[in-house]
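Undergrad: The amino acid sequence is not available; the structure is as follows:
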């Protein structure tokens, strides 16, 4: 039986989204009803499509009897997570050839690394890169010559951007192919300890770089449970990956076998059974709720408080932070993965991983089972895990998917990392909505110890993270305080992550001071330990009351009770002026090119999206 709260929130979302969802599905139905576009192409158009193809592919495209697959690739050889994608297009094409089908790289999308831009000017482009990726995906598919699509992307804004762009072509079957995490490096707690020692000036840059390099050391996603790996969890629990495929390491037989299997599956669906589920039908209200549940049950990245709103909106589904918060009240926390614990995603996968998690959440009534996926029409398919099928033999001239699926473990292999629904780490999920006289914000509580989840202290007000870093260097923060960091929202600066503050604030907390952060900016998906009210809306430059807080005002952040407020009399607070610093520099490292997005971007609670006017929010 579905949990009553999950049912209630789902029905609320369905009702709220009725008009926008129906309009979206009507557009997708109209697109799907058209005959294959290549059949109606002019000779000049078709010649351009196949000009650089082999003679055999030209013959297939000319006959137009077999599918042509599009590939959207985010490969670059700087971003470790995306390096493995270099080989994927050739592998996909090799499988397509076996089916007498064709495949083409439709286009590439940018893939920037927040780990490189943290604390630097380039971070101000990070959030906006999501919408650029969405538009790049649409441009890549705008030639309208593909019968199915594979999206190759993993990290931060890349997967949400690919989803948003793909949903504009929601009449097509679109599979997401992961590349997997790098093997485990030094323990995450050791990495955090060394970062704090560097922030305190106790070690030098050489020691810090050695530790960072021992953590980020090879191809694959970073192994902590930040936004990149939260993306992978979401794609799997939302039915856009193959079951159990998210956290298989790159360059392994199983990883390659899963990629081959995905291509074979899509081609079988398109050629033989003709029952491929289009992405626009897969990403439904129930699917979005399943994604929320997965995020909360695993203590996933707070960035998805923004991204999931924007992804849902692209499918005509309207969700709010209250929906997330209401679900979080009942969804149990079943995983402890850094920064919410000491384990990394490789440990999580070895303990039973997502198939075990899905099985337990279904058992507890927290997930909708009756949803469409790339595999079929039931989330029960996602309780199985892939293994090498030794009975399959591939010849030199043929390629075969040496993969089969078996039931996931009955019990977790490590209950310090992954637990059954009957024995959760916490009866509630990892995110909390905060409201009060400052507006509304979100906080990730899964990584914050209970004794630190409520802080009442005087405010220290900054308009940049550099200001707080300088104050720390001067020794001015050896006290209880709440750091109010304003003018960091999407309209002001593109909502940069403030992850560089984590070692400083963690150091002060470890010294026994009561500290917290309140900001209209973001914190990294890897942030934790220190309570942080983030994504505060309205933001300062839109008249948000965060810009009325003065140095020394007493502020309360009370995560257990969902409260964020400044202790100033209502009449005095109402009379205060909004204080905004002089216009910040918005040029250099390409920032000047994004002025149009800064002017039109929606608030964080509406997805911080440049597409807000296209998908209006009912805000109900």
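TA: Perfect, thanks for sending it. These figures come from a predicted structure and were not determined experimentally.

Undergrad: give the contact list for the most centrally placed residue in the chain.
TA: Nearest to the mean C-alpha position of the chain, by CA atoms, centre = their mean, lies residue 231 at 3.8 Å. For residue 231, the contacting residues are 154, 155, 156, 158, 159, 160, by CB atoms under 8 Å, 6 or more residues apart in numbering. No exception for glycine: its C-beta is placed from N, CA and C like everyone else's.

Undergrad: make it 6 Å
TA: The contact partners of residue 231, taken as CB atoms under 6 Å, 6 or more residues apart in numbering, are residue 159.

Undergrad: Confirm that it lies within a helix, as I assumed.
TA: Yes: assessed with DSSP: H, G, I helix; E, B strand; the rest coil, residue 231 lies in a helix.

Undergrad: I'd like the distance between it and residue 250.
TA: Going from residue 231 to residue 250 by CB to CB, to the nearest Å gives 16 Å.

Undergrad: How about residue 463?
TA: 41 Å.

Undergrad: just residue 206 next, same as before
TA: 29 Å.

Undergrad: Mind checking which of those two has more residues around it?
TA: Between residue 206 and residue 250, counting by other CB atoms under 10 Å, residue 250 is the more crowded of the two (22 against 8).

Undergrad: dump the residue contacts of the more buried one.
TA: 84, 179, 180, 219, 220.

Undergrad: how far away is it from residue 76?
TA: Residue 250 is 15 Å from residue 76, by CB to CB.

Undergrad: Need the max-distance pair from the contacts of residue 250.
TA: 180 and 219 (9.1 Å; CB to CB).

Undergrad: Show me which of these two is the more surrounded one.
TA: Shown here are residue 180 and residue 219; by other CB under 10 Å, residue 180 has more neighbours (26 against 21).

Undergrad: ok, the more buried one - contacts?
TA: Residue 180 neighbours (CB under 6 Å, 6+ apart): 220, 248, 249, 250, 255.

Undergrad: That one and residue 254, how far apart?
TA: Counting by CB to CB - residue 180 and residue 254 are separated by 9 Å.

Undergrad: Run a quick neighbour tally on residue 204.
TA: Neighbours around residue 204, by other CB under 10 Å: 10.

Undergrad: likewise residue 450?
TA: Residue 450: 10 neighbours (other CB under 10 Å).

Undergrad: The one 3 residues further on now?
TA: By the measure other CB under 10 Å, the count of residues near residue 453 is 17.

Undergrad: And for residue 512?
TA: 8.

Undergrad: pLDDT score for it?
TA: Residue 512 carries a pLDDT score of 96 in this model.

Undergrad: which of the residues in stretch 468-481 are buried?
TA: 468, 469, 471, 472, 477, 481 (16 or more other CB atoms under 10 Å).

Undergrad: next one: stretch 204-218
TA: Quick answer for stretch 204-218 (16+ other CB under 10 Å): 208, 211, 212, 215, 216.

Undergrad: Other residues contacting that stretch?
TA: 182, 185, 186, 191, 194, 198, 222.

Undergrad: what's the distance between the spatially closest residue to the first one that is not a sequence neighbour and residue 590?
TA: Spatial nearest neighbour of residue 182, chain neighbours left out: residue 220 (3.1 Å); criterion: CB to CB, 6 or more residues apart in numbering. Plainly put, residue 220 is 28 Å away from residue 590 if you go by CB to CB.

Undergrad: Model confidence at the residue nearest to the centre of the chain, what's the number?
TA: 96.

Undergrad: Of the contacts of stretch 204-218, which pair is most distant in space?
TA: Counting by CB to CB, the most remote pair of the contacts of stretch 204-218 is 182 and 198, 22.6 Å apart.

Undergrad: higher neighbour count, the two?
TA: Each of residue 182 and residue 198 has its neighbours counted (other CB under 10 Å); residue 182 has more, 24 against 18.

Undergrad: Just the pLDDT for the more buried one.
TA: Value for residue 182, per-residue pLDDT: 92.

Undergrad: can you give me the helices in the stretch 501-620 of the chain?
TA: 502-510, 570-575, 595-600 (DSSP state H, counting those that start in this stretch).

Undergrad: How many neighbouring residues does the spatially closest residue to residue 315 that is not a sequence neighbour have?
TA: Excluding its sequence neighbours, the residue lying closest to residue 315 (CB to CB, 6+ apart) is residue 283, at 4.4 Å. By other CB under 10 Å, 28 other residues sit near residue 283.

Undergrad: circling back: so which of the helices of the stretch 501-620 of the chain is the most surrounded?
TA: Neighbour counts (mean count of other CB atoms under 10 Å) averaged over each of the helices of the stretch 501-620 of the chain peak at helix 502-510, with a mean of 21.

Undergrad: can you pull the contacts of residue 514?
TA: Taking CB under 6 Å, 6+ apart, one finds 455, 457, 480 in contact with residue 514.

Undergrad: mind checking how far the second one is from residue 552?
TA: Which is residue 457. Taken as CB to CB, the span from residue 457 to residue 552 is 10 Å.

Undergrad: more crowded one of those two?
TA: The residue with more neighbours, out of residue 457 and residue 552, is residue 457; 18 against 10, by other CB under 10 Å.

Undergrad: can you give me the strands in the stretch 101-250 of the chain?
TA: 102-108, 148-152, 174-177 (DSSP state E, counting those that start in this stretch).

Undergrad: just the chain next, same as before
TA: Ranges of strands within the chain are 68-73, 102-108, 148-152, 174-177, 384-388, 403-407, 431-436, 439-444, 454-462, 481-485, 515-519, 532-537, 554-558, 563-566, based on DSSP state E.

Undergrad: Now render the helices of the stretch 501-620 of the chain as CSV, adding distance to residue 310.
TA: Shown next, in CSV, are the helices of the stretch 501-620 of the chain (distance: least, CB to CB, whole Å):
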stretch, distance to residue 310
helix 502-510, 25
helix 570-575, 32
helix 595-600, 13
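
Undergrad: among the ones you listed, which is nearest residue 227?
TA: Nearest of those (CB to CB): helix 502-510, 14.6 Å.

Undergrad: other SSEs contacting that closest one?
TA: helix 188-199, strand 515-519 (3 or more CB pairs under 6 Å, 6 or more residues apart in numbering; DSSP states H and E).
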